[in-house]
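J.: What shape does this take:
(2 chains)
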Amino acid sequence: MRNQQADLLRSLIGRRRLDKLFSIIFFGATLVSTITLIVIFVTLSYESALFFTHVSIVEFLTGTQWTVLFADKHFGILPLLNATILTSVIAILIAAPVGIAIAVYLSEYAKEGVRAVAKPVVETLAGIPTVIYGYFALYFVTPTVLKAFWQDLQVHNALAVGIMIGVLIIPIVTSISDDAMKAVPYDLKLAAYSLGSRKIDVTFRVIVPAALSGIIAAILLAFARAMGETMIAAIAGGFRPILSFDLGESMQTMTSFIAQVATGDAPHGTIEYESLFAVGLFLLLITAVFNFIGIRVVRRWAIRY
Amino acid sequence: MGDTLLRAPTDRRYRLKKIWDRWVPFILSLGLFFAILTVVALLFTVVTTGFHRISWNLILNYPSANPYEAGMRSAILGSIFTVGLSALICIPLSIATAIYLIEYAKGRRFSEVLSYNIANLAGVPSIVFGVVGLGFLVYGLGLGRSVISGAFTLSVLILPLVTITCVEALRTVPDDLRFGAYALGATTLQVVSKIVLPRSLPMMLTGGILGISRALGEAAPILVISGLIFIREDPVSLFSKFTVMPLQLYNWISRPQAAFIELSSAGIIVLLLILLALNSAAIASRQWLMKRVI
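T.: Okay, here's the model as predicted:
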């Protein structure tokens, strides 16, 4: 009897110990994402600091020439920034109306059967590797679709890049806005109907305004994703770092500059190599602003309902 | 007051609204048509350009300057090595993180901060992961432009996606089951291993496969880490030089000759078929596991 009790006690203590051990292991795993964020920030800052010992920050932020890969080097990021913003704005001009329309349609109008088929199709858009979108922009959208309206379009151009990125980010807009509209309490809808509203009024004067913060968050997050897109810009946008507002021209975004330097030869320790990190850090900081606001809004609204 | 109510049906605004009300669903569904049209046009372009160029050469040969002999053997093997390794790193890590978040650190401030970090990590552009991998793994830790550098980079890239799915999987397990087990004196570890995990594993598996397909399609971070695109040897160890399928496609797409464009289309078909197979496998295995568990 005594022996049995001792055995039981021992196995109990053993179980508790094992539990403790595993909780520490699981805790360790959770730290990886935080450590990764720290590593990302420290690495970029360290290498950028080396870059900024050669180049003044003022020149970097205000210069209008980016000629890192030429003999006469200028380090003004404005041309790259301009191209990134231009393409992302085109992208959001496509993704926001289309994405929100799909979300409203799926959450308010579509029958269950349509929804079950349509949702995976829309999500497929996000699952297609971006290299393939680049190919599609370069060999279909530019020569077949855009050339029909705009004859003197260059082979590589910002417009096709923006359109393609727009298609890529439609699912982001759709899924977050869809969630936001689903989270609107059913009572609101019933109250509106009981006052004699038509469906159009319920949808656009009750549901959409109530979900507006979520929809705006969706647009912000999608915009951040658009700015970080690389392969479409590298394939269909070309590598000309020019400060221009002509959408038919080839221009280089921040991401495609990184891609170009990476494909070419930028030996460790050279200014070209260090410029990768400066551009990377700049890109991260800009996207982080949009992500930060977007994530905050999503969380606030998630608590509200 | 009563007067306005009676007049309302004949009001112009009222009639206009009635028309709008009828047409809005069609206008909204145009967005859906746009999305479907894009997918169809994309598949049509790829298949008509590249279908006749699909051959065993494409899979078995090394890349070459001659488009009629070139294949993506080294890229396929590189993808299998890198993505496979990153899945081995990422999936256990994601499951462990999710278990801690849901089962151990329930509702604490710490878990809030943590899920916030994961959301932020998900927002980092993929090319930034590549740049950091280049500075930290390739040169900082001296791992070189190798399979292992690529695998580590890809695994943290897909970590948020897989972790979020794992968290959702754990949330689908009803709390009653947990309380029942706790009431019988089970430790948290026992609850996790005997009650929660068997029920949430199918969904976690789906998350893992989603992460794998995302990693298979990523070209940007690998482009920065691997640098070289023209590789004519198989990866044999963790420290081999390597390339991956999307990168090989990028190389072919960037060449202006028509033969290479056809070749890249054929390569895209192969990549899409692999992704399709993976996703079907995810759905099938999920259903099979669900049946076994419940």
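J.: From here on, just use CA atoms for contacts and neighbour counts.
T.: Will do.
J.: Count the residues that sit near residue 278.
T.: No chain in the question, so chain A it is. Look at A:Ala278: counted by other C-alpha atoms under 10 Å in any protein chain shown, it has 22 neighbours.
J.: that's the wrong chain, I meant chain B
T.: What B:Leu278 shows, counting by other C-alpha under 10 Å, is a neighbour count of 17.
J.: With the one 10 residues further on instead?
T.: The number of residues packed near B:Trp288 is 12, by other C-alpha under 10 Å.
J.: Quick one: the helices in the stretch 1-150 of chain B, in order.
T.: Using DSSP state H, counting those that start in this stretch, the helices assigned to the stretch 1-150 of chain B run over residues B:2-7, B:12-50, B:56-60, B:73-99, B:109-123, B:126-132, B:147-171.
J.: and A:His74, which of these is closest to it?
T.: helix B:126-132 (21.4 Å; C-alpha to C-alpha).
J.: contacting residues around that closest one?
T.: Contacts with helix B:126-132, where a contact means C-alpha atoms under 8 Å, 6 or more residues apart in numbering or on different chains, come from A:39-40, A:43-44, A:228-230, A:255, A:258, A:276-277, A:280-281, A:284, B:153, B:157, B:220-225.
J.: re earlier: looking at the helices of the stretch 1-150 of chain B, which has the lowest confidence?
T.: Of all these, helix B:2-7 carries the lowest average pLDDT, namely a mean of 55.
J.: coming back round to it: quick one, which of the helices of the stretch 1-150 of chain B is packed in tightest?
T.: Among those, ranked by average contacts under mean count of other C-alpha atoms under 10 Å in any protein chain shown, first place goes to helix B:126-132 (a mean of 27).
J.: one step back: make a markdown table from the helices of the stretch 1-150 of chain B and add distance to A:Leu31 to it.
T.: Formatted as a markdown table, these follow (distance: least, C-alpha to C-alpha, whole Å):
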| stretch | distance to A:Leu31 |
| --- | --- |
| helix B:2-7 | 64 |
| helix B:12-50 | 39 |
| helix B:56-60 | 40 |
| helix B:73-99 | 8 |
| helix B:109-123 | 8 |
| helix B:126-132 | 18 |
| helix B:147-171 | 12 |
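J.: what about the most centrally placed residue in chain B, distance to chain A?
T.: Nearest to the mean C-alpha position of chain B, counting by C-alpha atoms, centre = their mean, stands B:Arg214 at 2.4 Å. Note on B:Arg214: its distance to chain A, by C-alpha to the nearest C-alpha, to the nearest Å, is 7 Å.
J.: My guess is A:Ala101 contacts B:Gly31. True?
T.: Yes: if you go by C-alpha atoms under 8 Å, A:Ala101 and B:Gly31 touch, sitting 5.8 Å apart.
J.: contacting residues for B:Tyr62?
T.: Applying C-alpha under 8 Å, 6+ apart, the residues near B:Tyr62 are B:Ala70, B:Gly71, B:Met72, B:Arg73, B:Ser74, B:Ile231, B:Arg232, B:Glu233.
J.: and which of those residues is nearest chain A?
T.: Among these, B:Ile231 lies closest to chain A (C-alpha to the nearest C-alpha), at 13.0 Å.
J.: Assign A:Ile258 to helix, strand or coil.
T.: Secondary structure state of A:Ile258, per DSSP: H, G, I helix; E, B strand; the rest coil, is helix.
J.: Run a quick neighbour tally on it.
T.: Other residues near A:Ile258 come to 27 when the count uses other C-alpha under 10 Å.
J.: quick one, what contacts the closest residue to it other than its chain neighbours?
T.: In this structure, A:Ile258 finds its nearest non-sequential neighbour in A:Leu276, 5.8 Å apart by C-alpha to C-alpha, 6 or more residues apart in numbering or on different chains. A:Leu276 makes contacts with A:Ile258, A:Val261, B:Val131, as judged by C-alpha under 8 Å, 6+ apart.
J.: What number of residues are in the vicinity of the second one?
T.: Right, the one you point to is A:Val261. Count around A:Val261 with other C-alpha under 10 Å applied: 20.
J.: Report the buried members of the contacts of helix B:126-132.
T.: A:40, A:43-44, A:228-230, A:255, A:258, A:276-277, A:280-281, A:284, B:153, B:157, B:220-225 (16 or more other C-alpha atoms under 10 Å in any protein chain shown).
J.: re earlier: please identify the helix or strand for the residue nearest to A:Ile258.
T.: Using DSSP states H and E, A:Leu276 sits in helix A:271-304.
J.: Going by neighbour count, which residues in that helix are buried?
T.: Those would be A:271-284, A:287-288, A:290-292, A:294-295, A:297-298, A:301, for helix A:271-304 by 16+ other C-alpha under 10 Å.
J.: returning to what we had before: tell me the pLDDT of the residue nearest to A:Ile258.
T.: pLDDT at A:Leu276 comes out at 91.
J.: Residues of the stretch 51-200 of chain A that sit close to chain B?
T.: Counting by C-alpha under 8 Å from any C-alpha of the partner chain, the residues of the stretch 51-200 of chain A lying close to chain B are A:97-99, A:101-102, A:104-105, A:109, A:118, A:121-122, A:125, A:127-132, A:135-136, A:140, A:167, A:198-200.
J.: So which of the helices of the stretch 1-150 of chain B is nearest B:Leu278?
T.: Closest among the helices of the stretch 1-150 of chain B, using C-alpha to C-alpha: helix B:73-99, at 12.7 Å.
J.: and the closest one, anywhere near chain A?
T.: Yes: judged by C-alpha under 8 Å from any C-alpha, helix B:73-99 comes into contact with chain A through B:Leu93, B:Ser94, B:Ala96, B:Thr97, B:Ala98, B:Ile99.
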